[in-house]
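>>> Okay, predicted coordinates and the sequence, questions at the end:
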Amino acid sequence: MALTKVLIVEDHPIFSKGLASLIISQPLYMVVGEARNLAGALELVRTRQANLSIVDLNLGNENGIEVIKELLKESPDMKILVVSMHDERYYAEQVLKAGAHGYIMKNEAGSRILDAIKKVMAGDIYLSATEKERLTVSTKASETEATSEFHDLLRTLTDRQLQVFSLIGKGMGTAEIAAKLSLSGKTVEAHKEHIKTKLRCDSSRLLQFAIEWNNN
């Protein structure tokens, strides 16, 4: 099996060296470099072809989120694991949105950090069980809020507009809807425009919304 090449981006030398020792204690893992800032990290990414970068969010005056984005611009296929002293509740979601593949706090045991590294390299996202649950709840709440808002917008449709909306979701075109409801094609098109305005969407989203609504 090929070696996993690891780059450490950390401005505290003692922690960086300790992390390097922990990683090289594992078979098939090697540390190809230690960088103290973005410039050094980018140089090592270009020359050492790392498979994984372990990044601290605190790199002097540099923004750790921007560091993640810049590293991924240079090497889009590289995995990134953030190891930070900051509470994951405040940063985990941000680093995942920036493109990182996991977040673990520095006060975790070495074995937990190794687990995080292996999980990320296996193609999974690593977060603590508590943070995973929090993000799941947050996502569900957002989805519920969006669904509630959509239902509120649907209630603004007239009975005729709701009929047209339903038939759109069944795959009917303007001519078919006109024949079904004994309307002119021009009137059906006018209803469609009013529906799009009320639901705040374009034609493609209107069709998607109508199909989803019919299937619920």
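Nice, I can see it.

>>> Could you list the residues in contact with stretch 58-65?
Residues from elsewhere that reach stretch 58-65 (Cβ atoms under 8 Å, 6 or more residues apart in numbering): 9-11, 36-38, 55-57, 67, 82, 84-86, 94-95, 98. Where C-beta positions appear, they are placed from N, C-alpha and C, glycine not excepted.

>>> Mind checking which of these land in strands?
Members of those lying in strands (criterion: DSSP state E): Val9, Val55, Val82, Ser84.

>>> who's in contact with the second one?
The neighbours of Val55, taking Cβ under 8 Å, 6+ apart as the test, are Val9, Glu10, Ala41, Gly64, Val67, Ile68, Leu71, Ile80, Leu81, Val82, Val83, Ala100.

>>> one more time with 7 Å, if that's ok
Val55 is in contact with Val9, Gly64, Val67, Ile68, Ile80, Val82, counting by Cβ atoms under 7 Å, 6 or more residues apart in numbering.

>>> And for the fourth one, nearest residue in space, chain neighbours not counted?
Counting by Cβ to Cβ, 6 or more residues apart in numbering, Ile68 lies nearest to Ala98, which is 4.5 Å off, once chain neighbours are set aside.

>>> Could you report the neighbour count for the one you found?
19 (other Cβ atoms under 10 Å).

>>> would you turn the contacts of Val55 into a markdown table with neighbour count?
Supplementary listing: the contacts of Val55 in a markdown table, determined by neighbours: other Cβ atoms under 10 Å:
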| residue | neighbour count |
| --- | --- |
| Val9 | 30 |
| Gly64 | 22 |
| Val67 | 24 |
| Ile68 | 25 |
| Ile80 | 25 |
| Val82 | 30 |
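
>>> Where do the domain boundaries of the protein fall?
4-133, 156-215 (automatic domain parsing).

>>> Deepest-packed of these, please.
Across these, averaging neighbours per residue (mean count of other Cβ atoms under 10 Å) puts domain 4-133 on top, at a mean of 17.

>>> Give me the mean pLDDT for it.
The average pLDDT for domain 4-133 rounds to 88.

>>> How about stretch 165-185?
For stretch 165-185, the per-residue pLDDT averages 89.

>>> start to end distance for it?
15 Å (Cα to Cα, to the nearest Å).

>>> can you check stretch 178-190 too?
11 Å.

>>> Same check on stretch 57-76?
OK, stretch 57-76 end separation, Cα to Cα: 19 Å.

>>> same deal with stretch 161-180?
Per Cα to Cα, stretch 161-180 runs 14 Å from first to last residue.
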